[in-house]
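output the structure for:
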Amino acid sequence: MFVCTGNICRSPMAEIVFRDIADRAGLGARVVSTSSGTGDWHVGERADSRTLDALARRGYDGARHRARQFTLDDFERNDLVVALDRSHERILASWARTTTDADKLALLLSFDPEAHGNLDVPDPYYAGPEMFDDVLGMIESASRALFRQLEPAIRQL
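Coordinates of the predicted model:
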C-alpha cells in the first residue's frame, strides 16, 4: 500500500505504476497494489485531474481510482506500507500498534539509488502540470527499483 496525504496525487500514481510493472512482468495476479491517504479530505473522490493527465501522458489509466483514508486495519491487510515522504512515514509510525506494524513501513525513494539520498517525493498539489510529470518520473524510477527488490519473493509465491 502506497500512502500520501490525501490519496489524490502521489499515492495513486505509485499504486497504478506499481500495478503496471507487476502486470508487465506477468506477476500481476500475485501482487495487490493499493493506496490511501493519511487524511480524509478527499475520501471517495477521483484522483486530481492533473494526476490523471500525467498518468495518461505516460500510458497509464487512473480512471478507476477513488481516494480512501488509511485505517489501522491496513497494517494487517498489507505486507508493505510505503510512504511517499517522511511526514507520512512519521504519521504511520505513530499509528503502528505493534513492532510488526512498524516493520512494514518504508519510504518509496529509499529503494531508488538514483534518488541520491532524497527521501521525499514532493507534493505537486500546489504546482503546475509539469511538476506532476516530474513526480511521476520519480515514482516510476523508485517503483521499478522496489519491484526489482521484491520480484524474487513474488515469483516464489
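
and the longest helix seen in the chain, average pLDDT?
In the chain, taking DSSP state H as the definition, the longest helix is helix 129-156. Averaged across helix 129-156, pLDDT comes to 97.

show me which positions of it end up buried.
Within helix 129-156, the residues scored as buried using 16 or more other Cβ atoms under 10 Å are 131-133, 135-136, 138-147, 150. All C-beta spots, glycine's among them, are computed from the backbone N, C-alpha and C.

skipping adjacent residues, who's closest to Asp74 in space?
Distance criterion Cβ to Cβ, 6 or more residues apart in numbering; nearest residue to Asp74, sequence neighbours excluded, is Met1 at 5.8 Å.

tell me how far that neighbour lies from Tyr126.
25 Å (Cβ to Cβ, to the nearest Å).

more crowded one of these two?
With neighbours defined as other Cβ atoms under 10 Å, Met1 and Tyr126 compare such that Met1 has more, 22 against 6.

OK, contacts around the more buried one?
Met1 makes contact with 34-36, 70, 74, 77-78, 80-82, according to Cβ atoms under 8 Å, 6 or more residues apart in numbering.

out of the residues you listed, which are inside strands?
Judged by DSSP state E, the subset of those located in strands is 35-36, 81-82.

what's the burial count for Arg77?
Neighbour number of Arg77 under other Cβ under 10 Å is 11.

show me what contacts it?
By Cβ under 8 Å, 6+ apart, Arg77 lies in contact with Met1.

change it to 10 Å
1, 32, 34, 71 (Cβ atoms under 10 Å, 6 or more residues apart in numbering).

the closest residue to the last one other than its chain neighbours and Ala115, how far apart?
Translated: Thr71. Leaving aside its chain neighbours, Thr71 sits nearest to Ser36 (7.8 Å; criterion: Cβ to Cβ, 6+ apart). According to Cβ to Cβ, Ser36 and Ala115 sit 23 Å apart.

the more surrounded of these two?
Counting neighbours by other Cβ under 10 Å for Ser36 and for Ala115 shows that Ser36 has the greater number, 23 against 18.
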